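**Student:** I'll drop the sequence and a predicted model, then ask my questions.
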Amino acid sequence: MFLNWLAKHLAAYLSKQVAQHSVPTSTYEALGKALRPGDVLLVEGDTRISVAIKYLTQSTWSHAALYLGPDAGLGTSEYGEPQTLIEADLEFGIRPLSLSFYRNSHTRICRPVGLDDENIRTLTDYALSRLGHQYDMKNVFDLARYLIQTPPVPARHRYKLLSFGSGDPTRAICSTFIAEGFQRLRYPILPTIDTIPSDDPNCASCIREHYRIRQTSLFTPRDFDASPYFRIIKPTLESSFDFRAINWADL
């Protein structure tokens, strides 16, 4: 009981904004027009927990949300806005929210390629079925320790720290929830690829590839950015960008 109380208050503390360093690279209007159902929206967070996640993953991105669109059945916000995103929040669990929540954030759109309407429905049904679920809060302690003292670990080894601790700290990271949805579709993010002999009697040196699904708890927000199977969408370029129309101050 005491640990649950402590974990709840620790999650609230870690979710507090510490500074506003995030600078949007596109307008909010352009972001809204560019998003499509199934897109993963990466966010450069500005909370205490974002510091730990960005340190461990050596990435700009500390959070990820799944865009399902206004017709996904996520309801409306208290301000009457359609809730088009669903995310796994450290403090509130899996919840829907409006795009305006990230109006002033630095974001990146990662788009899976080739999904059809049935795939989107499957992804949506999965996400809706998880609404209200809470992560195991014992894992919050594992992430919090990196805010108390930053270990002097070389950058190439920091990612491995995510598997340390009494629990699995990545369970408190939003990307696990999203990765599970895509892996239900058998859509690759960063699969493990094994090479084995092709068994072709006419080609002794030929090999073939076998793809294996990675454990979802090992995924972090940056993996959607690094994945060769997600297209990076830049809202500014999707809105008929013309560099000649820029109003340069020195001109």
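**Tutor:** Arrived safely, thanks for sending. Residues are numbered from 1 along each chain as shown.

**Student:** only C-alpha atoms for contact and neighbour calcs from this point on.
**Tutor:** Noted.

**Student:** got the residue ranges for the helices in the stretch 101-250 of the chain?
**Tutor:** Per DSSP state H, counting those that start in this stretch, the stretch 101-250 of the chain carries helices over the ranges 117-129, 138-148, 155-158, 175-184, 221-226, 235-238.

**Student:** buried ones in the first one?
**Tutor:** So that's helix 117-129. Asn119, Ile120, Leu123, Thr124, Tyr126, Ala127, Leu128 (16 or more other Cα atoms under 10 Å).

**Student:** which residues touch it?
**Tutor:** Pro37, Gly38, Leu68, Ala72, Leu74, Ile86, Gly181, Phe182, Leu185 (Cα atoms under 8 Å, 6 or more residues apart in numbering).

**Student:** switch to 10 Å and redo it
**Tutor:** The contact list for helix 117-129 (Cα atoms under 10 Å, 6 or more residues apart in numbering) reads 37-38, 66-69, 72-74, 86-87, 94-96, 115, 177-178, 180-185, 187.

**Student:** just to revisit the earlier point, in TSV: the buried residues of helix 117-129, plus pLDDT and distance to Ser59.
**Tutor:** Shown next, in TSV, are the buried residues of helix 117-129 (pLDDT from 0 to 100; distance: Cα to Cα, whole Å):
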residue	pLDDT	distance to Ser59
Asn119	98	29
Ile120	98	28
Leu123	97	26
Thr124	97	28
Tyr126	94	28
Ala127	94	25
Leu128	94	29
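
**Student:** C-terminal to the helix or strand containing Ile49, what's the next element?
**Tutor:** If you go by DSSP states H and E, Ile49 is part of helix 48-57. Downstream of helix 48-57, the first helix or strand assigned by DSSP H and E is strand 63-67.

**Student:** partner strands of the next helix or strand after that next one, parallel or antiparallel?
**Tutor:** With elements assigned by DSSP H and E, the helix or strand that comes after strand 63-67 is strand 85-89. The pairing partners recorded for strand 85-89 under DSSP bridges are strand 63-67 (antiparallel), strand 93-97 (antiparallel).

**Student:** mean pLDDT for those: which is lowest?
**Tutor:** Mean pLDDT values for these show the minimum at strand 93-97, a mean of 92.

**Student:** can you list contacts of it?
**Tutor:** In contact with strand 93-97 (Cα under 10 Å, 6+ apart) are residues 65-68, 73-78, 81-89, 127-136, 172, 174, 177.

**Student:** my guess is Gly45 meets Ala65, correct?
**Tutor:** No: applying Cα atoms under 10 Å as the test, Gly45 and Ala65 come out as separate, 11.8 Å apart.

**Student:** could you tell me the least trusted of the helices of the stretch 101-250 of the chain?
**Tutor:** helix 155-158 (a mean of 53).

**Student:** what's the neighbour count on the nearest residue to Ile189 once chain neighbours are set aside?
**Tutor:** Counting by Cα to Cα, 6 or more residues apart in numbering, Ile189 lies nearest to Ser227, which is 5.5 Å off, once chain neighbours are set aside. When neighbours are defined as other Cα atoms under 10 Å, Ser227 has 16 of them.
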